[in-house]
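Participant: any chance you can model this:
(chains A, B and C)
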Amino acid sequence: MDKPFDLADQRDVLVQALEDNYFAQKRIHHITTKYLPSRAEVKAITDTLFELIYPGFFGRQDLAMDGLSGYLRGQLDALSDRVYRQVFRCFRTRSDDNPEVLEGQTRRVVLEFLESLPRIRDLLASDILAGYTGDPAARDTDEVIFSYPATRAITTYRLAHALWELQVPYMPRMMTEYAHSRTGIDIHPGARIGRGFFIDHGTGVVIGETAVIGDYCKLYQGVTLGAPSFPFDEQGQIVRNYKRHPTLEDDVIVYSNASILGDVTIGKGATIGGGVFLTRSVPPGCRVSMKAPELKYRNRRGRLDRGFVSDYQI
Amino acid sequence: MDKPFDLADQRDVLVQALEDNYFAQKRIHHITTKYLPSRAEVKAITDTLFELIYPGFFGRQDLAMDGLSGYLRGQLDALSDRVYRQVFRCFRTRSDDNPEVLEGQTRRVVLEFLESLPRIRDLLASDILAGYTGDPAARDTDEVIFSYPATRAITTYRLAHALWELQVPYMPRMMTEYAHSRTGIDIHPGARIGRGFFIDHGTGVVIGETAVIGDYCKLYQGVTLGAPSFPFDEQGQIVRNYKRHPTLEDDVIVYSNASILGDVTIGKGATIGGGVFLTRSVPPGCRVSMKAPELKYRNRRGRLDRGFVSDYQI
Amino acid sequence: MDKPFDLADQRDVLVQALEDNYFAQKRIHHITTKYLPSRAEVKAITDTLFELIYPGFFGRQDLAMDGLSGYLRGQLDALSDRVYRQVFRCFRTRSDDNPEVLEGQTRRVVLEFLESLPRIRDLLASDILAGYTGDPAARDTDEVIFSYPATRAITTYRLAHALWELQVPYMPRMMTEYAHSRTGIDIHPGARIGRGFFIDHGTGVVIGETAVIGDYCKLYQGVTLGAPSFPFDEQGQIVRNYKRHPTLEDDVIVYSNASILGDVTIGKGATIGGGVFLTRSVPPGCRVSMKAPELKYRNRRGRLDRGFVSDYQI
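Facilitator: Residues are numbered from 1 along each chain as shown, chains lettered A, B, ... in the order given. Take a look at the predicted model:
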């Protein structure tokens, strides 16, 4: 069993078959000198950004406020170089501009991105506080930061959104998909989300590209802010770049597994109940719930029990 | 392109901006000598516990029943030391007691935790058997152990719950969130779950902190055992530490994507159908299903087809 | 705090308790010389297969079409040996045949599997194109390949299904569970899926073992193609190996969080709306949606607002 397997004369046949297939199916290889951004590097950059955003929670713990600047200088030197290389690849893959133009563009983007970190950190401080004040199971904000999946998803989204605003291709989505993979929370980097945002539990949440969320909103697991379907469009080409996802005004709560589809507006302070399926706008302050979900109750003998009436009100 | 990016005179500006922001937003850094528990270590400890719980399935495979004690001695020596260090950090972060008191407390917790492993293993043996006997797609219990996500989620929960019972802060939730990230199954370490428990598929399952689940219960993907909403509470401070999640008595089955919310009781042997949204108690033996989900059927010309009646009975 | 924790005289007690428990609960250890397949190796093999399927997107980027054969020869030599070792373990764990018979069987399986890669690649090229043409948020097929979770889930499924067809035990499910863990998309390797298949967002999707999906079908997040429940079966033994999941004919779309349960047939070109719960067959071209989900709208004073009527049509 420990002798190595030998492909022998099958090896060349297999190699030739793969090579032929690479020629036949060009769309799914990327054998070119225009290197794509590296997935491993984008993940490593995201992890390093977490260390800068939440020092002491992620990465090195032996830090002190005195002498922090030496540590930060080293981190920023290394990080800026790595971000530069990946952003350059992103621009170059999508563009035919000459490298010098792209280098200047990349340089500006890297600086603007790093300059935005304190502003992003302000937003995240409001998100973490919202996570703590809104969840009876949270014991302190520390726990929210280092063990709530929403912290990973929202932090990654805010970083990716900054790169999205700077019109970097690929990398923002790579970052949010890294978070999606680890949390089950799928926030498109193009979405716009106000301060004090939080998501409890989170698995299954989808927030689409053109969704807009005001300040102090909260979502629960399984919530979709999605686009409606277009079964009658038979043009072949799908239309891109138009507002097709919901707008949530400030202070909106959407409970678990509710779906809101289309370019509708949920007014300030509205509450959408668990399991609600909604494709129209809702005025401010409105509370929407499923109408007495009709359930059948059968006893052990299979007989319907009419004594039960189910009602639910949020 | 391969010359390193140089932040030059921007570096000090960026460093200063971050330092200022750390002073402004203190809540989301943890720059202190009271180190938080290490996420990497907690994951590694969990992985080692899997090796002790399921020897031959996880970790080393070249084991024999003869001579196992030498292997176990080495594993326990290393593991107990690592658990000790993390549990100590957990207590120390949350407490102002002096280190010697915390050391004694930690020592007792580590021993009690390790002593509980055989009891936990008994429970898990009943869970694995339940997973096999309840799933037509399972070929043997081996497959259930090493490729079913519920095995990871439930095993991690049972280990974390033992630490929760010993009142260790942080670490239990860190462990279950590690499993949540890998499985999409979110079981709070505070939940109480009887023997012979299993979850099929599992993505999207949420079991809240005060949920109680009897023996031989089974859940499917997307099931929420959650807390109801409190939209009218405008006190600002959320109430913590009260029973707000369901109780499932023995032999209850909850099918996919059903939600049960609030401190309600699902009686022994009851069955909750797929997609049911329930906020009230259900007597023993009762089978609850959605009442004939009313669907619209349109043909190619968009006309409603009234010939179809949908019904479903579990 | 940095002195190591010492189990002292508790060590032997703990070791003995674990050993006793291994004897008592034999089902959940696998201490035998018939080694199970290695989870780490199966993951590494899957990753290498991604590099062969999508060269330039995954793994090494410094490839050129000229001189590719040298690279491929090395990859295939290493890969075939690793696949051989794991497939052999899979067969040996499940079978009592003598090792020489199993070696011959394994050799044939490895060659047939590697020969199938170009055919699998053809299917995947159609899947990636379907992913791009069906999603307004996709900017190009490159983005679909390296940042869409469905690419990971479907590619892994197609590779695992090839091994399933060759009747390799364990390994196909280990591969799809690796993808499930990273994407939240749970496709059983036994399912049969035609060309041009895609899943958007994807978290929570479950496709059961005996599901059959035609060409050019599309699913959204949270869709279950599952088996119905059997609460009345009290035989103790569950029935395995029968068709219990849906068949989707060509060109079927199933929107987010819909559930289709049982051995029913969704006809060619049919569309199943978001949130629909379906347990019966649907004719070709039919569009099924929830009938006007009845919602309650309450204003700030808690009064029902009857002015609102909700309707939805796909």
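
Participant: per-residue confidence at the closest residue to chain B within chain A?
Facilitator: Chain B sits closest to A:Gly56 of chain A, with a gap of 3.2 Å, by C-beta to the nearest C-beta. All C-beta atoms are positioned from the backbone trio N, CA, C, and that covers glycine. Note for A:Gly56: predicted pLDDT of 93.

Participant: now it: closest residue in space, sequence neighbours ignored.
Facilitator: In this structure, A:Gly56 finds its nearest non-sequential neighbour in B:His30, 3.2 Å apart by C-beta to C-beta, 6 or more residues apart in numbering or on different chains.

Participant: SS state for the one you found?
Facilitator: coil (DSSP: H, G, I helix; E, B strand; the rest coil).

Participant: tell me where the stretch 151-300 of chain A is predicted with low confidence.
Facilitator: Low-confidence segments of the stretch 151-300 of chain A (pLDDT under 70): A:229-236, A:292-294, A:300.

Participant: where along it do the helices fall?
Facilitator: A:171-183 (DSSP state H, counting those that start in this stretch).

Participant: contacts only, for the residue of chain A closest to chain B.
Facilitator: A:63, B:29-32, B:36 (C-beta atoms under 8 Å, 6 or more residues apart in numbering or on different chains).

Participant: quick revisit: the residue nearest to A:Gly56 contacts B:Arg89, doesn't it?
Facilitator: No - using C-beta atoms under 8 Å, B:His30 makes no contact with B:Arg89, being 11.5 Å away.

Participant: what is in contact with those two at once?
Facilitator: B:Leu36.

Participant: looking at those two, which is more packed in?
Facilitator: B:Arg89 (24 against 21; other C-beta atoms under 10 Å in any protein chain shown).

Participant: so what pLDDT did the more buried one get?
Facilitator: For B:Arg89, the predicted pLDDT is 95.

Participant: excluding chain neighbours, what is closest to it?
Facilitator: Counting by C-beta to C-beta, 6+ apart, the residue nearest B:Arg89 is B:Pro37, at 4.5 Å.

Participant: helix or strand for the one you found, which one?
Facilitator: Using DSSP states H and E, B:Pro37 sits within no helix or strand.

Participant: so who does it touch?
Facilitator: B:Pro37 neighbours (C-beta under 8 Å, 6+ apart): B:86, B:89-90, B:93, B:170-171, B:174.

Participant: what's the closest of the residues you listed to chain C?
Facilitator: B:Arg89 (9.1 Å).

Participant: B:Thr33 is in contact with the closest one, correct?
Facilitator: No - checked against C-beta under 8 Å, the pair B:Arg89 and B:Thr33 is beyond contact range at 11.2 Å.

Participant: how far off centre is the longest helix along chain A?
Facilitator: Using DSSP state H, we find that the single longest helix of chain A is helix A:68-94. For helix A:68-94, the distance from its own C-alpha centre to the chain's C-alpha centre is 21 Å (C-alpha atoms, centre = their mean, to the nearest Å).

Participant: helix or strand right after it?
Facilitator: helix A:99-115.

Participant: what helices and strands are in contact with the following helix or strand past that next one?
Facilitator: Per DSSP H and E, the first helix or strand lying C-terminal to helix A:99-115 is helix A:117-133. Using 3 or more C-beta pairs under 8 Å, 6 or more residues apart in numbering or on different chains; DSSP states H and E, the elements in contact with helix A:117-133 are helix A:39-53, helix A:141-147, helix A:149-165, strand A:198-200, helix B:10-24.

Participant: between these, which one is nearest to chain C?
Facilitator: helix A:39-53 (6.5 Å).

Participant: how far does that closest one sit from its chain's centre?
Facilitator: For helix A:39-53, the distance to the chain centre is 15 Å (C-alpha atoms, centre = their mean).

Participant: write a ChimeraX command that selects only the buried members of the contacts of A:Gly56.
Facilitator: Buried residues among the contacts of A:Gly56 (16 or more other C-beta atoms under 10 Å in any protein chain shown), as a ChimeraX selection:
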select /A:63 /B:29,30,31,36
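
Participant: tabulate the contacts of A:Gly56 (JSON lines), appending pLDDT.
Facilitator: Putting these into JSON lines (pLDDT from 0 to 100) gives the following:
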{"residue": "A:Leu63", "pLDDT": "91"}
{"residue": "B:His29", "pLDDT": "93"}
{"residue": "B:His30", "pLDDT": "93"}
{"residue": "B:Ile31", "pLDDT": "92"}
{"residue": "B:Thr32", "pLDDT": "88"}
{"residue": "B:Leu36", "pLDDT": "92"}
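
Participant: picking up where we left off before, next one: the residue nearest to B:Arg89 from chain C, what distance?
Facilitator: Per C-beta to the nearest C-beta, to the nearest Å, B:Pro37 is found 13 Å from chain C.

Participant: one more: A:Ile272?
Facilitator: 9 Å.

Participant: so what's that residue up against?
Facilitator: A:252-255, A:258, A:260, A:266, A:278, A:282, A:288.

Participant: now with 10 Å?
Facilitator: A:219-220, A:223, A:246, A:248, A:252-255, A:258-260, A:266, A:278, A:282, A:286-289, A:314, B:229, C:295 (C-beta atoms under 10 Å, 6 or more residues apart in numbering or on different chains).

Participant: what of A:Ile45?
Facilitator: A:37-38, A:79, A:82-83, A:85-87, A:159, A:171, A:174-175, A:178.

Participant: for the helices and strands packed on helix A:117-133, give me a markdown table that also has distance to A:Gly273.
Facilitator: As requested, those are exported to a markdown table (distance: least, C-beta to C-beta, whole Å):
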| stretch | distance to A:Gly273 |
| --- | --- |
| helix A:39-53 | 34 |
| helix A:141-147 | 25 |
| helix A:149-165 | 20 |
| strand A:198-200 | 15 |
| helix B:10-24 | 38 |
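
Participant: list the residues that contact A:Asp12.
Facilitator: Contacts of A:Asp12 (C-beta under 10 Å, 6+ apart): C:69, C:72-73, C:76.

Participant: residues in contact with A:Phe91?
Facilitator: A:37, A:97, A:99, A:101-103, A:105-106, A:109, A:167-171.

Participant: looking at those residues, spot the one nearest A:Val205.
Facilitator: A:Met171 (21.8 Å; C-beta to C-beta).

Participant: next, count neighbours for that closest one.
Facilitator: Around A:Met171 there are 25 residues (other C-beta under 10 Å).

Participant: for it, which non-adjacent residue is spatially closest?
Facilitator: In space, A:Met171 is closest to A:Cys90, 5.0 Å off (C-beta to C-beta, 6+ apart).
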